[in-house]
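Participant: sequence? don't have it. structure:
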């Protein structure tokens, strides 16, 4: 039987070592030789097969406790040129690889399918999805591995920042990783009870003026001050930068771009840019506030996995090895309700892009609406209550009419507050169950 190779690509996520360890143990017990491809596809793309290590039960049986990747990682993409892809395929052939487990995000899943197609099935490929962004479209809202640990560690960090914010009377703008979706920012913000949370999905894929984002954040500061609190925490998904009109954003910061000309969201100092904008807005209203940026990402993505992710990823690794050894290929490994479910690459694809679908936060879900209800930001109902409007206007050194003129644009499309439908139905049900009702 040919060798089983394991490779990790993309960015780190807690639980990688658990997948490597469990897959290795399962394969070795089946008499399959396992090798680890070091540093992702970096060396294979150059035709170099010297950066490979044998993986045994003795080597990997206890690595699941630790974060990081036992065999390294990189974002090297062999599909950037036909030459690099061919060198990768040749290198795998020279290594006598007949089975390949890839661990990575949507880009790695796409590469895994290409390898299977180009080798015409000679190399069976199974992909284990990982990302702290939680944006791979797994069934039944199943988490991508590493997400729960990232949230856990992120919450611990923000809890400390909340104490510091209150103690020192300042605001923290916490930028959480999430290039396309706001799952991590929302999960951390909702868990800690952040003052405000902004995610890309809120703007429903439309471009938003920079000034609107600034006013949302400034409005939270004003509302908080109106109730006697000069401190606060705002969670902001880094992907928000992609929602702001590029020409508008370019007026406030230089826009780094990748080799394809796309804005490189992760390299935008979004916290500093927003803080400068909010400070200028508040100063124009005669308000002084201390705003501090904090970036969360590198601190959480190589953290030791929490027990949930340790168990979850060991299951994924075991199932990946079992499935591929038994002849399975071209599938993403998932665990749904405690049962292994292989999802074909084709099933995961977005027909419009040819890449795996991106899972976004459903802003119409109760999960999001409950979070939104707890956020301290200007709301439509505030402008319908003269006493509230006067309170906020006083903080901003404006008349109520002037405050409405400047900030009502944030809420003009919000529906007026109506009774909670769910509670209303529940009340009717309870009334109907009474004797004689």
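Facilitator: Great, that's in hand. This one's a predicted model, so the numbers in the text were calculated from it and none came from an experiment.

Participant: separation between residue 405 and residue 24?
Facilitator: Computed as C-beta to C-beta, to the nearest Å, the residue 405 to residue 24 distance reads 65 Å. Yep, even glycine has a C-beta here, placed from its N, CA and C like the rest.

Participant: same question, residue 400
Facilitator: The gap separating residue 400 from residue 24 is 67 Å, by C-beta to C-beta.

Participant: pLDDT averaged over the one helix or strand residue 321 maps to - what is it?
Facilitator: In the assignment (DSSP states H and E), residue 321 maps to helix 307-325. Mean per-residue pLDDT for helix 307-325: 97.

Participant: what of stretch 15-33?
Facilitator: Stretch 15-33 comes out at a mean pLDDT of 97.

Participant: what are the buried residues along it?
Facilitator: Neighbour counts over stretch 15-33 (16 or more other C-beta atoms under 10 Å) mark 15-28, 32-33 as buried.

Participant: now stretch 91-106
Facilitator: Quick answer for stretch 91-106 (16+ other C-beta under 10 Å): 91-92, 95, 97-106.

Participant: do the same with stretch 175-193
Facilitator: Buried residues in stretch 175-193, counted by 16+ other C-beta under 10 Å: 175-192.

Participant: residues in contact with residue 218?
Facilitator: By C-beta atoms under 8 Å, 6 or more residues apart in numbering, the residues touching residue 218 are 278, 281-282, 285.

Participant: inside strands: which ones of the buried residues of stretch 175-193?
Facilitator: Assigned to strands by DSSP state E, the following of those qualify: 175-176.

Participant: quick check: the gap between the closest residue to residue 220 other than its chain neighbours and residue 311.
Facilitator: Leaving aside its sequence neighbours, residue 220 sits nearest to residue 196 (C-beta to C-beta, 6 or more residues apart in numbering; 4.6 Å). Distance, residue 196 to residue 311, by C-beta to C-beta: 34 Å.

Participant: now swap in residue 329 and tell me
Facilitator: Residue 329 sits 26 Å away from residue 311, taking C-beta to C-beta as the criterion.

Participant: contact partners for the most centrally placed residue in the chain?
Facilitator: Note on the chain: the residue nearest the mean C-alpha position is residue 133, at 1.8 Å, using C-alpha atoms, centre = their mean. When contacts are counted by C-beta under 8 Å, 6+ apart, residue 133 touches 105, 144, 147, 177-181, 183-184.

Participant: using the three-state scheme, assign it.
Facilitator: Here residue 133 is recorded as coil under DSSP: H, G, I helix; E, B strand; the rest coil.

Participant: what about residue 341, how many residues nearby?
Facilitator: Look at residue 341: counted by other C-beta atoms under 10 Å, it has 16 neighbours.

Participant: looking at this, it is in a helix?
Facilitator: No - the assignment for residue 341 by three-state DSSP gives strand, which leaves it out of any helix.

Participant: quick one, what contacts the spatially closest residue to it that is not a sequence neighbour?
Facilitator: For residue 341, ignoring the flanking residues on the chain, the nearest one in space by C-beta to C-beta, 6+ apart is residue 334 at 5.0 Å. Applying C-beta under 8 Å, 6+ apart to residue 334 gives the contacts 129, 138-139, 142, 316, 340-343.

Participant: again, but for residue 187
Facilitator: Applying C-beta under 8 Å, 6+ apart, the residues contacting residue 187 are 134, 147, 151, 154.

Participant: could you dump those residues to a markdown table with pLDDT and neighbour count?
Facilitator: Formatted as a markdown table, the contacts of residue 187 follow (pLDDT from 0 to 100; neighbours: other C-beta atoms under 10 Å):
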| residue | pLDDT | neighbour count |
| --- | --- | --- |
| 134 | 92 | 26 |
| 147 | 95 | 27 |
| 151 | 96 | 24 |
| 154 | 96 | 27 |
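
Participant: show me this protein divided up by domain.
Facilitator: 3-145+305-348, 150-298 (automatic domain parsing).

Participant: could you tell me the least trusted of those domains?
Facilitator: If you rank the domains of the chain by mean pLDDT, domain 150-298 sits at the bottom with a mean of 90.

Participant: quick revisit: and residue 329 and residue 311? Which one has more around it.
Facilitator: Using other C-beta under 10 Å, the more surrounded residue of residue 329 and residue 311 is residue 329, with 19 against 15.

Participant: just to check, that one is in contact with residue 122?
Facilitator: No - using C-beta atoms under 8 Å, residue 329 makes no contact with residue 122, being 10.3 Å away.

Participant: count the neighbours of residue 339 for me.
Facilitator: 8.

Participant: thinking again about what came up before, and the buried residues of stretch 175-193, which of them are in helices?
Facilitator: Counting by DSSP state H, these place 183-192 in helices.

Participant: how far away is the nearest residue to residue 50 once chain neighbours are set aside from residue 49?
Facilitator: In this structure, residue 50 finds its nearest non-sequential neighbour in residue 43, 7.3 Å apart by C-beta to C-beta, 6+ apart. For residue 43, the distance to residue 49 (C-beta to C-beta) stands at 7 Å.

Participant: so between those two, which is more surrounded?
Facilitator: residue 43 (21 against 17).

Participant: contacting residues for the more buried one?
Facilitator: Residue 43 is in contact with 37, 49-51, 91, counting by C-beta under 8 Å, 6+ apart.

Participant: let's go with 10 Å and repeat that
Facilitator: Residue 43 makes contact with 37, 49-52, 72, 74, 76, 87-88, 91, according to C-beta atoms under 10 Å, 6 or more residues apart in numbering.

Participant: can you check residue 361 too?
Facilitator: Taking C-beta under 10 Å, 6+ apart, one finds 134-135, 178, 181-183, 185-187, 199-202, 237, 367-368, 371 in contact with residue 361.

Participant: re the thing from before, inside strands: which ones of the contacts of residue 187?
Facilitator: Using DSSP E, none of the contacts of residue 187 sit in strands.

Participant: of all the residues you listed, which comes closest to residue 61?
Facilitator: residue 147 (25.2 Å; C-beta to C-beta).
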